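1. 3D model of this:
(2 chains)
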Amino acid sequence: MRGVCVGDVIEPQALDGVLRGHGTLLRGNSLVASRCGLVQRWNQLVLVDPLAGGYVAAVGHVVVGRIVQVEPTRWLVDIRSKTLAALPLSTAGGAMHKAAEGAQSSRSVLAEGDLITAEVQAVRADGHIQLHVRDAVASKLPPGMLVEVPAALVRPARKHVLHWREAGLRAVFGCNGAVWIGQEGGFSSLGAEQLRAASELANMVQAMASRGEMLVPARMHMNV
Amino acid sequence: MEYVSPEGLRLDGRRPKELRQLKAELGVLASADGSAMFEMGNTKVLAAVFGPKPVETRSQEDDKRCLVKCEYAMASFSTGERRRRGKGDRRATEITKAIRNCLEQTILVELMPRSQIDVYVQVLQADGGTRCACINAAFMALAAAAVPMRDILASCAAGYLESTALLDLNYVEDSGGGPDVAVAIHPNFDDRVVLLQQDNRVAIETFEEVLQLAVAGCRAVGEFMRQRLLEHTDALAAAREAGQPQEGAADDNEDALDEDDY
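-> Numbers count the residues shown, from 1 in each chain, chains lettered A, B, ... in the order given. Below you'll find the model as predicted:
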């Protein structure tokens, strides 16, 4: 893999046999990098892996986000991406259909400032990000700690939730670099022991992130 | 005052076509998405980039392109004579607009619809050529934030004093009463001129010479920035390599996926 800078020529002849990937642009006949990073090639596809920058949403990512606005048909969620993500009422699971029918207001389910965990359902070319949750009520995260780390350190995996049953804690590692640590089930306040354990885990996550270590929830299990 | 000595040396000992010493440091601020400290001789500028992020004022949201916001400020201790100078005065407003204009032409704004990029540039030490140093610093901070851009944005000034074209004027030469031509270019796009500003009048033949000199200076600055960005990329790649989990140990001890685990 080769490091390139903005404006560097990656492929002098790129008119055929080359697929233009992220971080590249065409200048005349040649393929040029539009950001700094490492050149990656997958068959014909050429792209520049940026190594820095914010979170870029992709379908299937588990993210931790904060509700910033409640609209009649959807919630707008800050997932630390380029644009706000939309969580439509219709994808918000069974409990939400009642709300959509006017039985209760959507704000009573999720209000501004609430933290949720959701899955990215669609990313459109115009920047729209659509989220999906199986149950809007269950997606709401109870009060806890939020640790923000570079998004590149959390890769999509089979498992994004770490259960720490001895301490009664749960941690959600969002692909957007938001790590939530809090109580397993229920919305009661944390005990002194739980708070200590939660802050230990938060410190550990922060220490690993500052060293640039990947955060793999499946492996964190052994460490705590 | 004599700006070029009979030996052909300038006040600070440079040749007429010599740049000041360039220094650049990337990632100087932890809280910014990208940041850079850029020095041209005694001129020192700090740039910080936040974003791309959702637009703060919904009415300014654009479905086609991202919003570039720019703020230029000069520290009160940055000049020899201490004076209160914030971001509000006319000079600052003009430089802000010049920088934002350059950045908007460089950033691929149509790739990030409905978002916003904030660029803050702060002059810490002023010794002539602040707007060029600011543009260079802002470009490097944007590159460090991995914002997609058309090309390198390199900027440099040139002037004309005592019948000699001088590259990269310092403060004393800048206040010498001659013309000061600030140029920014895209060096890989046939040196396309992005910014051209001039104060004081100059003969057309002289202007041509000064402009060519400034463009040559921009190219040198651009190559310097390119080298620094490549070094930075290599350092990041090495850091990422060191942080990768070891092969094999990873996934085999995963519990079965719980129903609520997503």
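2. residues from the stretch 51-200 of chain B in reach of chain A?
-> Applying C-beta under 8 Å from any C-beta of the partner chain, we find that the stretch 51-200 of chain B lies next to chain A at B:51-54, B:63, B:66, B:108, B:112-115, B:143-152, B:186-189. The way it works is simple: take the backbone N, C-alpha and C, and place the C-beta from them, glycine included.
3. now the buried members of those.
-> B:51-54, B:66, B:112-115, B:143-152, B:186-188 (16 or more other C-beta atoms under 10 Å in any protein chain shown).
4. do you know how far residue B:135 is from residue B:116?
-> Note on residue B:135: its distance to residue B:116, by C-beta to C-beta, to the nearest Å, is 20 Å.
5. these two: which is more packed in?
-> Shown here are residue B:135 and residue B:116; by other C-beta atoms under 10 Å in any protein chain shown, residue B:135 has more neighbours (32 against 22).
6. dump the residue contacts of that one.
-> Residues near residue B:135 by C-beta atoms under 8 Å, 6 or more residues apart in numbering or on different chains: B:98-99, B:102-103, B:153, B:155, B:184, B:195.
7. cutoff 7 Å now
-> Residue B:135 makes contact with B:99, B:102, B:153, B:155, B:184 under the criterion C-beta atoms under 7 Å, 6 or more residues apart in numbering or on different chains.
8. again, but for residue B:117
-> Taking C-beta under 7 Å, 6+ apart, one finds B:49, B:51-52, B:66, B:68-69, B:107, B:147 in contact with residue B:117.
9. ramachandran coordinates for it?
-> Dihedral pair for residue B:117: phi -120, psi 130, per degrees, to the nearest 10.
10. tell me which helix or strand the residue lying closest to it once chain neighbours are set aside sits in.
-> Computed as C-beta to C-beta, 6 or more residues apart in numbering or on different chains, the closest residue to residue B:117 that is not its neighbour in sequence is residue B:51, at 4.0 Å. Per DSSP states H and E: residue B:51 is located in strand B:43-54.
11. what's opposite residue 25 in the beta bridge?
-> Just so you know, I chose chain A. Taking DSSP bridges, one finds residue A:32 as the beta-bridge partners of residue A:25.
12. sorry, I should have been clearer: chain B.
-> residue B:37.
13. that one and residue B:37 touch, don't they?
-> Yes. Residue B:25 is within contact range of residue B:37, at 4.4 Å (criterion: C-beta atoms under 7 Å).
14. if you count what's nearby, which of the two comes out ahead?
-> Per other C-beta under 10 Å, whichever of residue B:25 and residue B:37 has more neighbours is residue B:37, with 20 against 14.
15. just the ones of the buried ones among the residues of the stretch 51-200 of chain B next to chain A in strands?
-> Mapping those onto strands (DSSP state E) picks out B:51-54, B:115, B:186.
16. and which of those residues is nearest to residue A:14?
-> Within those, the smallest distance to residue A:14 is 19.3 Å, found for residue B:186 (C-beta to C-beta).
17. the residue nearest to that closest one when sequence neighbours are not counted and residue B:143, how far apart?
-> Excluding its sequence neighbours, the residue lying closest to residue B:186 (C-beta to C-beta, 6+ apart) is residue B:151, at 3.9 Å. Using C-beta to C-beta, residue B:151 is found at 11 Å from residue B:143.
18. which neighbours do the two have in common?
-> residue A:6.
19. could you list the residues of chain A in contact with chain B?
-> A:3, A:5-7, A:23, A:34-38, A:50-54, A:62, A:78, A:82-84, A:119, A:126-127, A:138, A:158-161, A:211-214, A:216, A:218-219 (C-beta under 7 Å from any C-beta of the partner chain).
20. hmm, 6 Å instead?
-> A:3, A:5-7, A:34-36, A:38, A:50-54, A:62, A:82-84, A:119, A:126-127, A:159, A:161, A:212-214, A:216, A:218 (C-beta under 6 Å from any C-beta of the partner chain).
21. now, of those residues, which are buried?
-> Here, 16+ other C-beta under 10 Å leaves A:3, A:5-7, A:34-36, A:38, A:50-54, A:62, A:82-84, A:119, A:127, A:159, A:161, A:212-214, A:216, A:218 buried among the residues of chain A next to chain B.
22. so which of the residues you listed are in strands?
-> A:3, A:38, A:62, A:119, A:161.
23. tell me which of those is nearest to residue B:73?
-> Closest to residue B:73, out of all of those and judged by C-beta to C-beta, is residue A:3, at 33.2 Å.
24. pull the contacting residues for the residue in the stretch 1-150 of chain B that chain A sits nearest to.
-> Shortest the stretch 1-150 of chain B-to-chain A distance, computed as C-beta to the nearest C-beta: residue-wise this is residue B:146, at 3.2 Å. By C-beta atoms under 6 Å, 6 or more residues apart in numbering or on different chains, the residues touching residue B:146 are A:35, A:50, A:52-53.
25. for it, which non-adjacent residue is closest in space?
-> Nearest to residue B:146 is residue A:53, by C-beta to C-beta, 6+ apart, at 3.2 Å.
26. look up how far residue A:32 lies from the one you found.
-> Residue A:53 sits 18 Å away from residue A:32, taking C-beta to C-beta as the criterion.
27. tell me which residue is most central in chain A.
-> Nearest to the mean C-alpha position of chain A, by C-alpha atoms, centre = their mean, lies residue A:176 at 2.7 Å.
28. and that one, its phi and psi?
-> phi -90, psi 10.
29. please, where are all the strands along the stretch 151-262 of chain B?
-> Counting by DSSP state E, counting those that start in this stretch, the segments of the stretch 151-262 of chain B that form strands are B:154-161, B:164-167, B:180-186, B:192-199.
30. redo those as a markdown table? Include distance to residue B:231.
-> Below are those laid out as a markdown table (distance: least, C-beta to C-beta, whole Å):
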| stretch | distance to residue B:231 |
| --- | --- |
| strand B:154-161 | 17 |
| strand B:164-167 | 25 |
| strand B:180-186 | 22 |
| strand B:192-199 | 25 |
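31. I'd like these as TSV, with mean pLDDT appended.
-> Shown next, in TSV, are the strands of the stretch 151-262 of chain B (pLDDT from 0 to 100):
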stretch	mean pLDDT
strand B:154-161	96
strand B:164-167	95
strand B:180-186	96
strand B:192-199	94
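32. so for residue A:18, which of the ones you listed sits nearest?
-> Each of the strands of the stretch 151-262 of chain B has some distance to residue A:18 by C-beta to C-beta; the shortest is strand B:180-186, at 22.8 Å.
33. export stretch A:203-216 as CSV, just CAs?
-> The C-alpha trace of stretch A:203-216 is given here as CSV (Å, rounded to 0.1, in the frame of the first residue of the first chain):
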residue,chain,number,x,y,z
ASN,A,203,-10.8,4.9,31.3
MET,A,204,-9.6,1.7,29.6
VAL,A,205,-11.4,2.5,26.4
GLN,A,206,-9.9,6.0,26.4
ALA,A,207,-6.4,4.7,27.1
MET,A,208,-6.7,2.2,24.3
ALA,A,209,-8.0,4.9,21.9
SER,A,210,-5.2,7.3,22.8
ARG,A,211,-2.7,4.6,21.9
GLY,A,212,-4.5,4.0,18.6
GLU,A,213,-5.5,0.4,19.5
MET,A,214,-8.5,-1.1,17.8
LEU,A,215,-11.5,-1.6,20.0
VAL,A,216,-12.9,-5.1,19.5
